[in-house]
Structures are given as structure tokens and as C-alpha cells.
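Asker: Quick one, what's the 3D model for this:
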Amino acid sequence: MENSVQKGHPKGLYLLFVTEMWERFSYYGMRAILMLFMTKALLWDSDFASGLYGNYTGLVYLTPLIGGYISDRYWGNRKSIFIGGIIMAMGQFMLFFSASSLGTSFASITFFVGLLSLIIGNGFFKPNISTMVNQLYAPGDKRVDGAFSIFYMGINLGAFFSPLVCGTLAEKIDYRWGFFAAGVGMVIGVIVFELLKNKYIVTATGEPVGMKPKPQEIETKSEEKVSTGFDIKRLALWLTVYAVLWLVFMFGFGFNFVSTLIFSTSIAASGFVITDPSLNKIERERIIVIYIIAFFVIFFWSAFEQAGASLTLFADQQTDRTIFGWEMPASYFQSVNPLAIIVLAPLFAILWGYLGKKNREPASPIKQAFGLFLLAIGYLIIAFGVQGIEGSAKTSMFWLLSMYLVHTMGELCLSPIGLSMVARLSPLRLGSLLMGIWFMSNAMANDFAGMLSKLYPEKMVSVEQVISLETQYKLKLVDKSKKDNKTIENTEKINNIESLPISTVKFDKIKDEQIKTTVYEQLAGKATVKEKSLFGITVNSLYTFFMVFVVMAGVAAVILFLLSNKLLKMMNGIR
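Answerer: Got it, this is the predicted structure:
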């Protein structure tokens, strides 16, 4: 009891809070500027950048399965957090080096090495720090729920101020300093954890938490896995299905290697678990409910995660961000969601508690249908805001802020309820495995978000007009080949006119605000929208683009609502 605050929680909780806050600062700070860096600094087109963004965020949710396994069997939580944190810090600093060497092949190499480091490091860090929260308390301690609420606030606090810090440094000074700040944040988190872990990360009886597992613990876990009904024939069956899924996704749907890996692994692993012969009828029905809800969750998060992809491009290119003569960085909009969660989460907790006392609290599937419905409403708001916007005109930031606010309410209906539902519906012996499969649905959703972001209608401007404006105002609006200092790279023909994305034009380098406005209006006024298509969907305007998400989320909400009574029966007494 020495490590407990008498009227509150163990001090170890606040150490985990601070560590996670800095890790989330690092992740969300980098995410806030990632799409802008790829399109405006590395000069990659939005299609490629969107696909890469989806692959990256998808793998971020997939690697914790491997990291969690290594931690459980070999390293323990503490070592995994330290190694994961160091690798992630190295990844952020590799992105710093990438931004410091633009225009060279070294920039692309260090960029991909940086992303890979972040993916691997996250795999070790993410699944371990949250599992330590519960271990700080004695079994049956009623403070655990409150502890996770505090821990969740740490996540959102880091997510709130990271775009403000990293975004300001990146957009107002240089992208490298945004990545550098994200790396420093990760280093601070690791140092704080390492200095204080031995003193505060202990159980209620003073035993250290997160140490390397003992041999007898590993043997016990192995015996539990054998008892779940593992057999060679079932493994062979699902390995065959896995191979077929690779062929279907890679050659049938045209997915790249990473997308194929994410979708094939997620589906095959889900099939392997549900065919476990040790499951009884009730357990199998409950797992099917988890799978059905996970399927609908993919539609929610693939639309919600546009925040870091297409919606960042929209904030940068199509939103009027000027406040009393000062232009707000586009990355700031990514602070709206965590701030809204901090404000609204207690209100939603009060609402569910009040309805629960009245015996009128909606069941989990209905809450999640509400979440999808609110997501559709949010996109309907922004679709209404962009309707009729043409040429160089920009939309008011009110529409984007309103959309993010409604989306946050949708998230509060769906996200916390989903995790709780998986924990309650899973058979005890398969709890960790099914939680891993739940996160696989997040991996698929994030990867799918990148695919959908490719539909963003990109404005293309004439190369000839850009060169003319450079000459007229004595500006450098685009980067040219180092070979001849004349050729503009990454151009393509649109309607037989040599064009380039307007996102690659360096408006931020124009110091005179009047000239900046004039140049933008002339280019945007004559810009051509590049028509996009995916899975038979054709998009040629912002209104059409946002309506895709309205229809997708709205239809999913209606279907889930109609299925809710059937799902409730299959949950067999759990709501």
C-alpha cells in the first residue's frame, strides 16, 4: 500500500499515464503531418501517399500480435516497452533525416526505414503498456474501471497537444522539426518509464509488474493453448484457405503485398478460431457476434480514419484556415477529436449510467449502430458544406469542425463499447486471442481507409501556368530536376495538358500574402479535377467523395440495427 495514493490510485498508474501520453504524442504528432509531408515535401501524388498511409496504419494494428507473443513468452512487459520505445524513437529520427535530405534518394530510403521502425516498435510497445494497468490492482479491486478511464485520458491528452506542437513546427518552420519533436516526445516517455518503473510499477502487494515470464508460466500458457482444440488437420485447412485468400486479394482485387497480408491474415485467423472443436454452441454464437460487429467496425474506422489521410488534404487545400490574418496549420484539426473526447466522454458515461438505472440503456449492437449513424451524419454535414464550391473558393472551417465533433460522438458510442463487448463475449481461454482478432479488424479498417482516401478528387494545375507565374512573380513554386534544373517531376497529362497536383505547389514559401492569394486563385481557378475510381465507384467532386462515406456508413448502420435483435439472442444473456 506504500505505492498507493490513499484517496485515489496507485502511483504506478500515473507513471503509465505519462508514458502512454508521450508515446501517443509521438504517434499522433507524426500522423498529423505524414500525408502533408508525403504530398508537399516528397512530392508523391495523393494516390500513392494514401495507399502508403493505409498500409502503415494497418500494420501498426497488426504487429502487436507478434509483440504481445514475444512479451508473453520471452521478454515481459517492461523489456518490450523499453525496446519498442527506443525503436519508435529511432523511427521518428529517421523521418527527421528524411526531411533533412529532400531531393536526394536518401530521403526516400530513410523515410521507409523510419516507417518500418515505427511499425516494429509499436508492435512491442502497444500491447504491453495497457495490460500493465490491470496488474497494479488486487483481483476484484473496483478501482480498475476508473483506472482505465484515467489511462484513456492520457492517450487523448497526448493526441490533443501533439498536432499543435508537431504541426506548428512542421508547417510553419520545417517538416524535419515536426518529426524531431515527435522523436523527442518518445524519448521522454521511455526515460520517465525507465527511471521510475522499479519504484512504482508494482502490484498491490509490492511485487514488480511486467518482469520476464518464469518458465512455469510459459508452460502453463502452452498447456492452455493445447487445450483449445489445436490439431494439425484444422491448421492445414486454414493454411490452405490462407494461401487461396492471398491469390484472391493480390490477383483478384489487385491489392498490394501489405494489404494482402493484412486482409488474408485477419480472415484466416478468424476462421481458425471459430472452428475450434472445443467451443460449445453458446461460445461459438458469441464469437460469431464478435465477428459480425468487427465487420461493421471496419466501415466505421475506414471512414473515421480519413482524419489522417484525405481530410488532412481537404483541410490543407480546400478549407479557409485564416483567423484574423493568421493561417492555422492544417494539422491542428487533428486535435479536435481528442479534445472533444476529453470533454464529452464523462457526459456519455453519465448518459449510459442514467439510462442503465432506468433499465433503458441500449444494447451494445444498437450503440454501435448509433455510432455508424452519427458517422454518416458527420459526412453529410461536410458534403453539404462543399456543395457548389468551385474554382479557388474554400469552405469555412465550421463545416470541418462540426463534422469532427459529430464523429467524436459516434466514436464514443462505438469504440469503448466494442472493447468491453469483446471482453465479455470471449471464452476466458480465448480472451487474448479474440482481442487480437478484434484489433485485426482495425488493421483492415485502416488499410481500407488508405484505399478509400485514393478517391479524394485531386486538383491538377497546368505546368505551363505554374512556370508562367514563377516568371511573373520571380518565385520558386515547384521543385525541378537536379539534372537540368528545368524539368518538373511527377507530372502527368490531364486532357492532353501537362499537369501536376496543386498540393505540390509551394504556396507556403510565398512570403507576400497578397501575392500568395493571387497565385492560388489563378491556379485553383483554372484547375482540373482528376477523376478517381475504386471498386466501380467514380468520384469527380468533393461532394461525391463525401457522399460515398455517407452511404457506406448509413447503410451499415441500418443493417446493423436490423440485425441487433438476432445478435442479442446470439449473445445469450450478455448485453
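Asker: Could you look up the SS state of residue 398?
Answerer: helix (DSSP: H, G, I helix; E, B strand; the rest coil).
Asker: For it, give its distance to residue 319.
Answerer: Using CB to CB, to the nearest Å, residue 398 is found at 10 Å from residue 319. C-beta coordinates here come from the backbone N, C-alpha and C atoms, glycine included.
Asker: With residue 213 instead?
Answerer: Between residue 213 and residue 319 the distance is 50 Å, computed by CB to CB.
Asker: what pLDDT does the closest residue to residue 493 other than its chain neighbours get?
Answerer: Counting by CB to CB, 6 or more residues apart in numbering, residue 499 is the residue found nearest to residue 493 once chain neighbours are left out, at 6.9 Å. Per-residue pLDDT puts residue 499 at 89.
Asker: Please name the residues that touch residue 499.
Answerer: Applying CB atoms under 8 Å, 6 or more residues apart in numbering to residue 499 gives the contacts 460-463, 491-493, 528.
Asker: again, only using 10 Å
Answerer: Residue 499 makes contacts with 459-466, 491-493, 527-528, 530, as judged by CB atoms under 10 Å, 6 or more residues apart in numbering.
Asker: what's the answer for residue 412, then?
Answerer: Contacts for residue 412 (CB under 10 Å, 6+ apart) come out as 340-341, 344-345, 347-349, 351-352, 367, 370-371, 374.
Asker: cool, and residue 53?
Answerer: When contacts are counted by CB under 10 Å, 6+ apart, residue 53 is found next to 31, 34-35, 38, 46, 115, 305, 308-310, 312, 446-447, 449-450, 453-454.
Asker: Same question for residue 75.
Answerer: 67, 81-84, 124, 128, 210-213.
Asker: mind giving me JSON lines with these and columns for secondary structure, neighbour count and pLDDT?
Answerer: JSON lines is the format used below for the contacts of residue 75 (DSSP: H, G, I helix; E, B strand; the rest coil; neighbours: other CB atoms under 10 Å; pLDDT from 0 to 100):
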{"residue": "67", "secondary structure": "helix", "neighbour count": "23", "pLDDT": "84"}
{"residue": "81", "secondary structure": "helix", "neighbour count": "31", "pLDDT": "93"}
{"residue": "82", "secondary structure": "helix", "neighbour count": "18", "pLDDT": "96"}
{"residue": "83", "secondary structure": "helix", "neighbour count": "19", "pLDDT": "96"}
{"residue": "84", "secondary structure": "helix", "neighbour count": "28", "pLDDT": "95"}
{"residue": "124", "secondary structure": "helix", "neighbour count": "27", "pLDDT": "91"}
{"residue": "128", "secondary structure": "helix", "neighbour count": "25", "pLDDT": "82"}
{"residue": "210", "secondary structure": "coil", "neighbour count": "21", "pLDDT": "83"}
{"residue": "211", "secondary structure": "coil", "neighbour count": "13", "pLDDT": "87"}
{"residue": "212", "secondary structure": "coil", "neighbour count": "14", "pLDDT": "83"}
{"residue": "213", "secondary structure": "coil", "neighbour count": "17", "pLDDT": "78"}
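Asker: re earlier: my guess is the residue nearest to residue 493 is in a helix, correct?
Answerer: No - with three-state DSSP as the criterion, residue 499 is located in strand rather than a helix.
Asker: Output stretch 295-303 as PDB, nothing but the C-alphas.
Answerer: C-alpha atoms of stretch 295-303 as PDB (Å, rounded to 0.1, in the frame of the first residue of the first chain):
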ATOM      1  CA  PHE A 295     -17.100  -6.500 -39.800                       C
ATOM      2  CA  PHE A 296     -19.200  -3.400 -39.300                       C
ATOM      3  CA  VAL A 297     -16.400  -1.700 -37.300                       C
ATOM      4  CA  ILE A 298     -14.300  -1.900 -40.500                       C
ATOM      5  CA  PHE A 299     -16.700   0.500 -42.200                       C
ATOM      6  CA  PHE A 300     -16.700   2.900 -39.200                       C
ATOM      7  CA  TRP A 301     -12.900   3.100 -38.800                       C
ATOM      8  CA  SER A 302     -12.200   3.200 -42.500                       C
ATOM      9  CA  ALA A 303     -14.300   6.400 -42.700                       C
END
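Asker: ok, and for that stretch, which residues are buried?
Answerer: Of the residues in stretch 295-303, 296-303 count as buried by neighbour count, 16 or more other CB atoms under 10 Å.
Asker: same thing with stretch 45-62?
Answerer: Across stretch 45-62, burial judged by 16+ other CB under 10 Å covers 45-47, 49-62.
Asker: what's the pLDDT at residue 6?
Answerer: For residue 6, the pLDDT comes out at 44.
Asker: now do residue 295
Answerer: 94.
Asker: Quick check: it vs residue 456, distance?
Answerer: From residue 295 over to residue 456 (counting by CB to CB), the distance is 25 Å.
Asker: swap in residue 101?
Answerer: To residue 456, residue 101 is 28 Å away according to CB to CB.
Asker: that older thread, can you pick out the residue with more neighbours from residue 398 and residue 319?
Answerer: A count of neighbours by other CB atoms under 10 Å puts residue 319 above the other of residue 398 and residue 319, at 23 against 12.
Asker: could you point out which element follows the helix or strand of the chain at the bottom of the mean pLDDT ranking?
Answerer: The least trusted helix or strand in the chain, going by mean pLDDT, DSSP states H and E, turns out to be helix 215-226, with a mean of 54. Moving toward the C-terminus from helix 215-226, the next helix or strand (DSSP states H and E) is helix 232-247.
Asker: Does that next one pack against any helices or strands, and if so which?
Answerer: Using 3 or more CB pairs under 10 Å, 6 or more residues apart in numbering; DSSP states H and E, the elements in contact with helix 232-247 are helix 257-274.
Asker: Leaving out chain neighbours, which residue sits closest to residue 473?
Answerer: The shortest distance from residue 473 to any non-neighbouring residue, by CB to CB, 6+ apart, is to residue 515 (5.7 Å).
Asker: Can you give me every residue that contacts the one you found?
Answerer: So residue 515 contacts 469, 472-475 (CB under 10 Å, 6+ apart).
Asker: As TSV, those residues with pLDDT and secondary structure would be great.
Answerer: Below are the contacts of residue 515 laid out as TSV (pLDDT from 0 to 100; DSSP: H, G, I helix; E, B strand; the rest coil):
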residue	pLDDT	secondary structure
469	90	helix
472	90	helix
473	89	helix
474	88	coil
475	88	coil
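Asker: Turn those into TSV, columns for distance to residue 72.
Answerer: Output for these, formatted as TSV (distance: CB to CB, whole Å):
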residue	distance to residue 72
469	59
472	64
473	61
474	62
475	57
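Asker: Type out the ChimeraX command that picks the buried ones from these.
Answerer: Buried subset of the contacts of residue 515, written as a ChimeraX selection, criterion 16+ other CB under 10 Å:
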select :469,475
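Asker: And the residue in the chain sticking out farthest from the centre, how far from residue 515?
Answerer: Largest separation from the mean C-alpha position in the chain: residue 472, at 42.5 Å (CA atoms, centre = their mean). Counting by CB to CB, the separation of residue 472 from residue 515 is 10 Å.
Asker: go on, residue 562?
Answerer: Using CB to CB, one gets 56 Å for the distance from residue 562 to residue 515.
Asker: quick one, what contacts the nearest residue to residue 397 once chain neighbours are set aside?
Answerer: Nearest in space to residue 397, with sequence neighbours left out and distances taken as CB to CB, 6+ apart, is residue 319 at 5.5 Å. Residue 319 sits next to 311, 328, 330, 333, 382, 385-386, 394-401 when contact means CB under 10 Å, 6+ apart.
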